[in-house]
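> coords below, sequence missing:
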Ligand code: B12
């Protein structure tokens with residue numbers, strides 16, 4: 001059986017544009033127990049797929065995914081882009097998390113990983129399988145085992161000199177490797193720092209290294225399909241897609257390098273556009289702005305829902321006109337969240353629009369939102 005050359009593989013990974021690569025034995029994830037406890041506690045919330053028995057089984061045993069698997073190549077690609085700081089703190093703008101400012105990383109990473117796997121086949125043979133994000137693998141845990149960083153208290157994989165603003169991808173291979181990487185020493189970890197835990201506006205960290213997805217802004221704004229929890233909405237600030245707070249406050253990210261990947265160059269229209277623009281986006285406008293980005297999967301309906309929450313938090317009369325228009329949106333989800341925002345902004349025009357919407361609204365959930373918004377004003 002041929003052996004994978006670690007140095008040649010890492011050189012090829014660098015040529016393909018990956019910023020770092022590490023190789024570890026394809027053993028069960030070292031933090032599998034923590035994952036099982038997380039599922040048992042229900043902290044995956046609406047991410048039902050995370051708890052599916054077949055998914056749990058694959059995380060336990062990588063050979064279920066690739067029979068004969070021996071090694072795991074883990075790669076990292078930095079995504080940090082530059083953005084005008086004043087946009088990010090402006091409540092009249094809807095903030096997108098930094099990972100979404102460029103093209104969708106799934107496609108960018110997978111293309112490079114497939115190229116790396118094809119090179120490996122030509123060079124050494126073996127069978128391989130490439131994954132980015134969506135595979136049944138605990139990527140951060142294996143990334144740590146492959147020497148790419150340590151799991152921080154915010155649960156992100158952090159490189160001690162490059163921070164956490166990088167994506168992960170993997171190749172599972174049946175090849176043995178001539179030089180496996182070692183995990184980083186414990187000394188590089190968070191120490192007594194708890195900034196990420198304290199800064200989370202929704203208190204999503206019940207303990208260091210544990211994120212309760214049921215409270216995470218990222219989960220609600222990107223993954224959740226329905227109504228956003230009423231108690232959490234005021235805590236979202238101006239985030240409309242994902243959240244970076246637990247990374248922004250992390251001291252290790254002071255040294256995060258800017259991305260060298262051209263596909264991740266930020267598009268100014270997708271960093272923190274004015275909320276009034278986001279509220280007014282129809283499907284065609286949404287596609288024109290977000291096709292080919294991670295936002296496309298979340299879709300126009302959920303982005304409009306999120307923009308309503310941010311507009312309610314902004315609380316400005318400037319948002320009234322687009323919000324009132326959204327009381328007639330085709331989606332009851334959007335109509336309901338527009339009602340919530342108008343209830344928060346208040347005033348005569350908002351009240352009149354809510355009253356008139358109450359006369360024609362037929363959807364039960366949207367009517368509940370309207371009733372609550374009208375009560376809010378009394
Ligand atoms: C589901 C998911 C989410 C969920 C849940 C997140 C979570 N923390 O579990 C939601 C939607 C909330 C989410 C949000 C984000 N995500 Co996400 N997500 C995933 C996904 C698909 C699975 C993660 C998972 O298995 N979670 C279950 C938990 C239990 O496992 P874990 O995250 O590995 O956590 C480990 C630690 O907690 C550790 N642990 C537990 N106790 C202890 C104790 C000690 C002492 C130690 C050392 C470790 C430790 O063990 C756990 C099990 O391995 C991965 C891709 C993948 N296949 O791995 C991407 C991934 C983790 N996400 C990623 C990103 C970029 C994000 C966001 C930054 C996006 C954004 N800006 O909004 C946020 C970050 C939020 C956060 N603080 O985690 C990247 C992270 C890259 C990195 N450098 O770490 C990944 C790896 C995708 C990728 N391919 O790049 N995500």
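That came in fine, so what should we check first? Because the structure is predicted, anything quoted here is derived from the model rather than measured.

> which parts of the stretch 251-378 of the chain are helices?
If DSSP state H, counting those that start in this stretch is used as the criterion, the helices of the stretch 251-378 of the chain fall at 275-279, 283-290, 295-314, 320-326, 332-345, 348-360, 364-376.

> for the ones you listed, which one ends up most surrounded?
A comparison of those by mean neighbour count, using mean count of other CB atoms under 10 Å, puts helix 332-345 on top with a mean of 26. In short, each C-beta sits where N, CA and C put it, glycine included.

> between that one and helix 364-376, how many degrees?
Interaxial angle of helix 332-345 relative to helix 364-376 (axes from the mean of the first three to the mean of the last three CA atoms, to 10 degrees): 0 degrees.

> okay, the helices of the stretch 251-378 of the chain in TSV with mean pLDDT and distance to residue 51 next?
Output for these, formatted as TSV (pLDDT from 0 to 100; distance: least, CB to CB, whole Å):
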stretch	mean pLDDT	distance to residue 51
helix 275-279	98	33
helix 283-290	97	29
helix 295-314	98	21
helix 320-326	98	34
helix 332-345	97	25
helix 348-360	97	38
helix 364-376	93	26
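
> how far does stretch 276-294 sit from its chain's centre?
Mean-position distance between stretch 276-294 and its chain equals 19 Å (CA atoms, centre = their mean, to the nearest Å).

> nope, stretch 18-30 is what I was after
Mean-position distance between stretch 18-30 and its chain equals 21 Å (CA atoms, centre = their mean).

> what number of residues lie near residue 47?
Residues within reach of residue 47, counting by other CB atoms under 10 Å, total 14.

> tell me the contacts of it?
Going by CB atoms under 8 Å, 6 or more residues apart in numbering, residue 47 touches 213, 219, 223.

> what does residue 335 give?
326, 327, 328, 329, 357, 361, 363, 366, 369.

> so where do the strands sit in the chain?
Using DSSP state E, the strands of the chain run over residues 3-4, 20-25, 71-78, 95-96, 128-131, 150-151, 157-158, 166-173, 176-177, 239-241.

> show me what the third one is packed up against.
Looking back up the chat, that one is strand 71-78. Contact here means 3 or more CB pairs under 8 Å, 6 or more residues apart in numbering; DSSP states H and E; on that basis strand 71-78 packs against helix 6-15, strand 20-25, helix 105-124, helix 139-145, strand 166-173.

> hmm, 10 Å instead?
Packed against strand 71-78 by the contact rule (3 or more CB pairs under 10 Å, 6 or more residues apart in numbering; DSSP states H and E) you find strand 3-4, helix 6-15, strand 20-25, helix 105-124, strand 128-131, helix 139-145, strand 166-173, strand 176-177.

> still on that earlier bit, show me which of the contacts of residue 47 neighbour the ligand.
213, 219, 223 (CB under 6 Å from any ligand atom).

> narrow those to just the buried residues.
Those of the ones next to the ligand among the contacts of residue 47 that meet the buried threshold are 213, 219, 223, by 16 or more other CB atoms under 10 Å.

> wait, the second one sits on residue 239?
Right, the one you point to is residue 219. No - using CB atoms under 10 Å, residue 219 is not in contact with residue 239, being 11.6 Å away.

> if we can go back for a sec, and of the helices and strands packed on strand 71-78, who's closest to residue 374?
Comparing the helices and strands packed on strand 71-78 by their distance to residue 374 (CB to CB), the top pick is helix 105-124, with 42.6 Å.

> ok, the spatially closest residue to residue 298 that is not a sequence neighbour - contacts?
Closest residue in space to residue 298, ignoring its immediate chain neighbours: residue 222 at 5.5 Å, by CB to CB, 6 or more residues apart in numbering. Residue 222 makes contact with 97, 100, 216, 240-243, 294-295, 297-298, 302-303, 306, according to CB atoms under 10 Å, 6 or more residues apart in numbering.

> could the residues you listed be laid out in TSV, adding distance to the ligand?
What follows is the contacts of residue 222, written out as TSV (distance: CB to the nearest ligand atom, whole Å):
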residue	distance to the ligand
97	3
100	8
216	4
240	11
241	8
242	3
243	5
294	9
295	11
297	12
298	11
302	13
303	14
306	12
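
> what is the neighbour count of the residue lying closest to residue 61 once chain neighbours are set aside?
Spatially, and ignoring its direct neighbours in sequence, residue 61 is nearest to residue 28 (6.5 Å; CB to CB, 6+ apart). Neighbour count for residue 28, taken as other CB under 10 Å: 15.

> and residue 293, by the same measure?
Per other CB under 10 Å, the neighbour tally for residue 293 reads 20.

> residue 132 touches residue 116, doesn't it?
No - using CB under 10 Å, residue 132 is not in contact with residue 116, being 12.0 Å away.

> now do the shared contacts for the two.
By CB under 10 Å, 6+ apart, the residues touching both residue 132 and residue 116 are 75, 169.
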